[in-house]
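A.B. asks: fold the following for me, if possible:
(chains A, B, C and D, ligands or ions: 4)
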Amino acid sequence: MSLTIIPKIELSNFINRLLPRYHVAGPVASDGGFAFALINDPDELQLEYRTTILPPKKYLLPPREILFHFELETNGWVQASYQAHPTVLIGMHTCDLHAFQLLERVFTSGFPDSNYIDRSSQTLIISIECLAPCDAHAFCKSMGTLTADEGYDLHLTDLGEVYAVDIGSKPGEALLKEYARTRTAAPDDISRLNAVLNEKWPRFSYRLDFDVSDLPSLLSVSAKSPIWAQLGERCLGCASCTNVCPTCYCFDVRDEVEMDLQRGQRVRVWDSCQLDEFATVAGGHNFRKSQAMRQRHRFMRKGKYIYDAYGYMGCVGCGRCARACLVEINPVSVFNELYRLREVVQTS
Amino acid sequence: MIAPAIPQTQSGRTLVNDEIFVPEIGRVEKIEPLTALEKVFTIELPQGKSLNHRPGQFLEISALGVGEAPISISSSPSRSNGFVELCVRKVGDVTSALHRLRPGDKVGIRGPFGRGFPIENFRGKDILFAPGGLGLAPLRSVINQVLDERAHFGRVIILYGARAPAELLFKDELRQWEARGDVELHLTVDRGDEHWKGHIGVITTLFKDISVYPRNTVAVTIGPPVMYRFVLMELLGTGISEGNIWLSLERRMKCGIGKCGHCQINNVYTCQSGPSFSYKEIKGLEEAL
Amino acid sequence: MSQSNRPKVAFFDFTCCEGCQLTVLDSLQDHPDLLGAVEIVQFREAMSERSDDYLIAFIEGSCSRPADEERLKHIRARASIVVALGACAHLGGVNALKYFIPLDDARSYVYGDKAGWYDTGDVRPVGAVIPVDVFIPGCPIDRGEFIACVKALLLGKKPPVPDYPLCVECKLQENACLYTRGNICMGPVTRAGCGAICPTYGQSCESCRGFVSNPNDSSMRELLAKHGLSMDEVNMQYTLYNTYSMRDELKRRQSIHG
Amino acid sequence: MGRRIDVHYVTRVEGHGNIVVEMGNGKLKDCRFEVVEAPRFFESMLRGRHYSEAAQITSRICGICSTGHTTTSLRATEKALGVVPSEQTRLLRKLAFYGEMLDSHVLHAYMLVAPDFLGVGSVIPLASTHPEVVLRALRMKKLAGDLCAAINGRHTHPIAMTVGGFTHFPNPDELEDLRYRLEEARRDVDATVDLFASLAFPNFERETEYISLSHPDEYAFIDGEIVSSDGVTLPVEAYRDITNEYLVEHSSAKLARHQRDSYMVGALARFNNNYAQLHSKAKKAASALGLRPKVINPFLNTAAQVVEIVHCVEGAIAIIDQLLERGIQPEEPAPLESLEGEGISGCEVPRGLLIHHYWIGADGFLSGADCVIPTNQNIASIESDMRALVPSIINNPVNDIQLELEMLVRAYDPCISCSVHVVKLDPLLKVGDAIKNRQ
Ligand SMILES: Cc1cc2nc3c(=O)[nH]c(=O)nc-3n(C[C@H](O)[C@H](O)[C@H](O)COP(=O)(O)OP(=O)(O)OC[C@H]3O[C@@H](n4cnc5c(N)ncnc54)[C@H](O)[C@@H]3O)c2cc1C
Ligand code: SF4
Ligand code: SF4
Ligand code: SF4
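C.D. replies: Residues are numbered from 1 along each chain as shown, chains lettered A, B, ... in the order given. Ligands and ions are numbered 1, 2, ... in the order given. As a prediction, the model looks like this:
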């Protein structure tokens, strides 16, 4: 598809035209930083933003979601609950875009998850190219998520006065056509875009000491590494790392009832493998009984298990977990340390 | 990687809906207390639905308002016809709520989930069953399937251990199996009582009473996590190959469909690729046993 | 709503500020149907009627004198389910700060010179006097959690009081962590369930809901020290509501350092 | 034959208190209001804690007036450390104060007092006999609570108040919404005035000394000097000259007296002393309720609370307007001028004059604290009223006497759990022994 140009002023008009039809969510200022939130006014949008605390995953897999309603009196009447509304997510960074692709894979393969699909199928994504690191902890360049070729409906690149818009899907194209005034890119725009894209790479640094394609095999020889015990001692078990992670999707399912104890709903809520009870079964047996095992599970999932199961890396390098962790446990140093330990073993 | 089960999503055939979390509603037909803690529920499936299950698969059973729990299918496919039997031990919220049910009450059902045992591959072989405690509940579906197709299998040996005589499950059925003459049944309890005349000792002590021809034997064992280590040692000691030793793993499960993450063992979702595994498949997985 | 079928519940208060009972009353604003689900047979703060026939006893406040102990036993003997309501009943709460009253002052009070530094007061959480079946934590309790716990009790399931750290809820609120704002916070070891209301309103968590069952204390203490707290200040952080459970630990630390 | 009334303990009040009356030969022999709540030693517990914790700890003196305790505590600390809060902080505190005043008065008038007049034992049967009354009370209480929560996160034990300011700020939308609801609530407020105007309060009068804060510019709640209806005006710092606390055997709470045997604090005292500064609508409500200063019937304390409900709703609307007009700025708390010092602050909490007095050492830890609670100041007055009231009704059936005495105690809206939180160490031996002996 040909490259399209939308002037920055026109972006506001575009959003204003979307608002009556869609929920529009994007980064806004919040509590001294930024958060994804539904907006009522394009002026709230802050497209140059530091990484948010929670990733936009909350729009596809909300922290609390009703799966279905039930009523006991009428012999166990059950009714699926779908609450999604057509939504345009604007301003997602490419790391989050990669995370969405993983979620899409997880929730649509095997037994498709109808509640997830209800949301994702009504969500249009307008992502934005990162031109400078958005957080000191980000290591997207190492993880190969600093740009994206797919997964978006529209993708913006800031060219100063205008945005270059890559069209990634038919619905994206239709959205643009119906709601935005754009023009086709001129040769100038294209060379400007290429320049901007070329200039951005040196601003980011690689932070893994090895190539990410080596990560799964590095982890497969690291199950017995002493590093897990060290992390286990330090880790507070607060689950901040997984709660802020765009690729973590584990959940718990609970029943809630009204006061009459007859009507109620089954809900799913985020859960975390870092919490004590996550792998505990009735009777008290815990299949991952130490925090060391839980930390190992976390990093194995990020760099190996998910890759083995779904072909996508379970970490997109956004750095949110590193920023959230109060005891400075983070993927870059853990992976680099494992790499160093392996090199030591191999050379000795 | 261990292949996950192929989802059976054709609605109307099983109790897996397109609306994946919404259970079908079954009706409690009969409830039989087995022990102080275990009851067997016979549940009538909703009109026109059948489970179409394989032995070793499980259902997600709902007590609406309280929650959902994975429960193994205890009846064998050969004896299904519109009903399913579940043996439930009362240990917590959902299982207690199930124990409070009365005939005629409704329960939510989703499933069957999991891979089940590849029973067709067991044909022609001697089969050694080694259930411990509640492990007999899921194993019963395999045993009865085998017994209903008795001619297709070689020897059938059952080594069953419980903590005390009062905790032995399905006592009537044990007697029937024993009476058949074509089943070698060995029972043991950890602690006897004044009426118990049988063997006393943990399940592994039964192994010395039997001899198997390892090349042609499949072993299926289900029990609590602690039991596996010892039983596996015995089984491997008999010379049965790792690929012919089968077991079923328990994990916390919240969805049954390979999403919620609770049952994950490394890259394997127990609910989809298991809960039945051959020892060969899981021996390399950290945290599996 | 028939009078007879509804489970009978009673509320009792011991040494406390009665804020939890007040929160119970306030929960009626959003859940007036609570009155249809249970029959309240005793609630001194709000009603004159009194009956000793009840299934569930909600107890607010700490035990702080011998007469309280008798009353608690009396209640236990009548109730099938005893619920400790709020920090004073659950943990001893601020009442237990009494254990800090210095020896000289303590001497002049009830126990004479027999008492050691920490044994002066006999403020105790309810669970230290009689068996408690359920606790609803918080200073004060959280309305929503109270209602959820009542429903769970009526359904015969475990009340949904979480056993994971507050940071979980704080992250879901997308609060900028207090540690990033030059502050400190007990969230990583404190039991969640309040929706991280203090961090959400800009104040550090002080563990009024008690600690999770398996806190990483040594790492937590290191974290606080790294953020500039002295040993004494760390102890202060640990004790505002939890002096009772910390008293032995404190005695040990104090005897090491004092 | 001697007759005896022993109400053990009075229900529908905060905390545990007993009424004991002994009568013989048609004469009153003895009457006491016994406070039997366990003492809590807040002042000694404060010693050795950091000043930043003082408000949080003293908030736990009382769940009902925790905003009042918190505000008073913060102001004492601020005075000690030379902190001058911003105008915005003062407005937000006042707004929260109005919220709490409303909450507490609605609770007291509707849920604790009204059942007596409507012939039931509690608000629960009222839900079926007078559902509209109960729903109105719940509605008003919810509004009051939401007002507090918008500022402080919750009503009971406020969160966002801190030394020098706030750690969280309501957004304009929340305030607009509250403003709208407050205006809507005027209908409920009118109905409240009508309801309480229709109740037949017992006809009993006893003139006494009425003490409250007073401020030249406004109906005093947070700021002002201490005034007495007997014509004394003193700065808050001289509170001890007014309160003169003392101990008696039968009470674990301290009592207070000024120039007479007893004095009264609370809504009625404020009404009597500061009537002129009430909002005009509140004055109208007062005349509908038949109140004109000086009111000397203690049962009418509840009616004075209803007048204050009107005043607080109007006051809250006015402050919200002011805040919206100024715009709310998230601001850092005002800085400390010094690290140690002594500070005294007084506020009019729902039940009357509250004093917090702190000594803060150079290390930032409290070396001493003193709190004077409204209910303590009222106990002697309650007993004086009982002594005056009983002879006039002594020939009535015991049950009627008892009910009337309970209603009298309730009219004061005593917060007994508060009152015992302040026993100091030196006289403790006596009180402690007294309690022990009785057990
Ligand atoms: C594949 C499989 C088959 C099972 N078959 C049977 C059976 O045939 N009969 C039987 O009695 N029990 C069986 N169990 C165990 C049964 O699922 C648990 O005892 C039950 O979930 C406990 O739930 P509860 O609400 O009663 O207990 P609680 O302790 O109240 O549960 C607390 C929470 O932990 C979760 N949980 C606790 N234990 C388990 C567990 N073992 N597995 C998964 N989630 C758990 C529950 O979902 C719940 O959310 C099986 C478990 C699995 C995984
Ligand atoms: S593991 Fe950390 S860096 Fe990687 S995607 Fe998750 S939050 Fe981002
Ligand atoms: S954020 Fe850090 S401390 Fe918290 S669970 Fe994750 S690794 Fe542990
Ligand atoms: S503010 Fe407190 S509760 Fe919130 S994340 Fe930080 S430490 Fe955890």
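A.B. asks: give the contact list for residue C:53.
C.D. replies: C:8, C:41, C:78 (C-beta atoms under 8 Å, 6 or more residues apart in numbering or on different chains). Where you see a C-beta, it was placed from the backbone N, CA and C, and this is true even at glycine.
A.B. asks: assign the closest residue to the last one other than its chain neighbours to helix, strand or coil.
C.D. replies: Okay, so that is residue C:78. With C-beta to C-beta, 6 or more residues apart in numbering or on different chains as the criterion, residue C:78 has its nearest non-adjacent residue at 5.9 Å, and that residue is residue C:52. Secondary structure for residue C:52, judged by DSSP: H, G, I helix; E, B strand; the rest coil, is coil.
A.B. asks: next to ligand 4, which bits of chain A? Give me the list.
C.D. replies: If contact is defined as C-beta under 6 Å from any ligand atom, none of the residues of chain A are in contact with ligand 4.
A.B. asks: which secondary structure element of chain A has the lowest mean pLDDT?
C.D. replies: Taking mean pLDDT, DSSP states H and E as the measure, the helix or strand of chain A with the lowest value is strand A:77-80, at a mean of 83.
A.B. asks: then residue B:21 would be within a helix, right?
C.D. replies: No - with three-state DSSP as the criterion, residue B:21 is coil rather than part of a helix.
A.B. asks: how many neighbouring residues does residue A:206 have?
C.D. replies: A count of neighbours around residue A:206, defined by other C-beta atoms under 10 Å in any protein chain shown, yields 12.
A.B. asks: gap between residue A:244 and ligand 1?
C.D. replies: Applying C-beta to the nearest ligand atom, to the nearest Å, one obtains 24 Å for the distance of residue A:244 from ligand 1.
A.B. asks: try residue D:61
C.D. replies: If you go by C-beta to the nearest ligand atom, the gap between residue D:61 and ligand 1 works out to 39 Å.
A.B. asks: my read: that residue touches residue D:371, true?
C.D. replies: Yes - counting by C-beta atoms under 8 Å, a contact exists between residue D:61 and residue D:371, whose distance comes to 7.1 Å.
A.B. asks: can you pick out the residue with more neighbours from those two?
C.D. replies: Comparing residue D:61 with residue D:371 by neighbour count (other C-beta under 10 Å), the higher total belongs to residue D:61, at 28 against 23.
A.B. asks: give me the distance between that one and ligand 2.
C.D. replies: When distance is defined by C-beta to the nearest ligand atom, residue D:61 is 44 Å away from ligand 2.
A.B. asks: now residue B:78
C.D. replies: Counting by C-beta to the nearest ligand atom, the gap from residue B:78 to ligand 2 is 48 Å.
A.B. asks: where's the dip in pLDDT among the contacts of residue C:53?
C.D. replies: Looking at pLDDT alone, these dip lowest at residue C:41, where the score is 87.
A.B. asks: what sits against the nearest residue to that residue once chain neighbours are set aside?
C.D. replies: What sits nearest to residue C:41 in space, not counting adjacent residues and going by C-beta to C-beta, 6+ apart, is residue C:51, at 4.1 Å. By C-beta under 8 Å, 6+ apart, residue C:51 lies in contact with C:8, C:10, C:41-42.
A.B. asks: now with 10 Å?
C.D. replies: With contact set as C-beta atoms under 10 Å, 6 or more residues apart in numbering or on different chains, residue C:51 has these partners: C:8, C:10, C:39-42.
A.B. asks: now swap in residue D:83 and tell me
C.D. replies: The neighbourhood of residue D:83, defined by C-beta under 10 Å, 6+ apart, consists of D:74-75, D:77, D:89, D:163-165, D:333-338, D:343.
A.B. asks: likewise residue A:291?
C.D. replies: Contacts for residue A:291 were tallied using C-beta under 10 Å, 6+ apart; they are A:228-229, A:231-237, A:274, A:276, C:214, C:216, C:219.
A.B. asks: which of the residues you listed are buried?
C.D. replies: A:228, A:231-237, A:274, A:276, C:216, C:219 (16 or more other C-beta atoms under 10 Å in any protein chain shown).
A.B. asks: need the strands for chain C, in chain order.
C.D. replies: Using DSSP state E, the strands assigned to chain C run over residues C:8-13, C:39-43, C:56-60, C:81-85, C:134-136.
A.B. asks: tell me the pLDDT of the residue nearest to residue C:93 when sequence neighbours are not counted.
C.D. replies: The spatially closest residue to residue C:93, leaving aside those adjacent along the chain, is residue C:87, at 3.8 Å (C-beta to C-beta, 6+ apart). Per-residue confidence at residue C:87 stands at 95 (pLDDT).
A.B. asks: before we move on, what about residue D:156?
C.D. replies: Taken from the predicted model, the pLDDT recorded for residue D:156 is 94.
A.B. asks: out of the contacts of residue D:83, which two sit at the greatest distance?
C.D. replies: D:89 and D:338 (19.1 Å; C-beta to C-beta).
A.B. asks: more neighbours, those two?
C.D. replies: In this comparison of residue D:89 against residue D:338, neighbours counted by other C-beta under 10 Å, the higher total goes to residue D:89 at 21 against 11.
A.B. asks: so that one touches residue D:328, yeah?
C.D. replies: No - at 11.0 Å, residue D:89 does not count as touching residue D:328 under the criterion of C-beta atoms under 10 Å.
A.B. asks: ok, now how distant is the closest residue to residue D:46 other than its chain neighbours from residue C:95?
C.D. replies: Leaving out its chain neighbours, the residue that sits closest to residue D:46 by C-beta to C-beta, 6+ apart is residue D:369, at 4.1 Å. As defined by C-beta to C-beta, to the nearest Å, residue D:369 lies at a distance of 16 Å from residue C:95.
A.B. asks: these two: who's more crowded?
C.D. replies: Taking neighbours as other C-beta under 10 Å, residue D:369 and residue C:95 compare with residue C:95 leading, 32 against 24.
A.B. asks: pretty sure the more buried one sits against residue C:65.
C.D. replies: No - the pair residue C:95 / residue C:65 is not scored as a contact, 11.3 Å apart, by C-beta under 10 Å.
A.B. asks: after the host helix or strand of residue A:300, next one along is what?
C.D. replies: Counting by DSSP states H and E, the element that carries residue A:300 is helix A:291-300. In the C-terminal direction, the helix or strand that comes right after helix A:291-300 (DSSP H and E) is helix A:306-310.
A.B. asks: so that following helix, near ligand 2 or not?
C.D. replies: No - taking C-beta under 6 Å from any ligand atom as the criterion, helix A:306-310 and ligand 2 are apart, separated by no less than 10.4 Å.
A.B. asks: please save the CA atoms from that helix in PDB.
C.D. replies: Provided in PDB are the C-alpha atoms of helix A:306-310 (Å, rounded to 0.1, in the frame of the first residue of the first chain):
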ATOM      1  CA  ILE A 306       6.700 -19.000  25.300                       C
ATOM      2  CA  TYR A 307       9.100 -19.000  22.400                       C
ATOM      3  CA  ASP A 308       9.000 -22.800  22.300                       C
ATOM      4  CA  ALA A 309       5.200 -22.900  22.500                       C
ATOM      5  CA  TYR A 310       4.200 -20.000  20.300                       C
END
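A.B. asks: now do it: which elements does it pack against?
C.D. replies: Under the contact criterion of 3 or more C-beta pairs under 10 Å, 6 or more residues apart in numbering or on different chains; DSSP states H and E, helix A:306-310 touches helix A:94-108, helix A:215-220, helix A:291-300, strand B:268-269.
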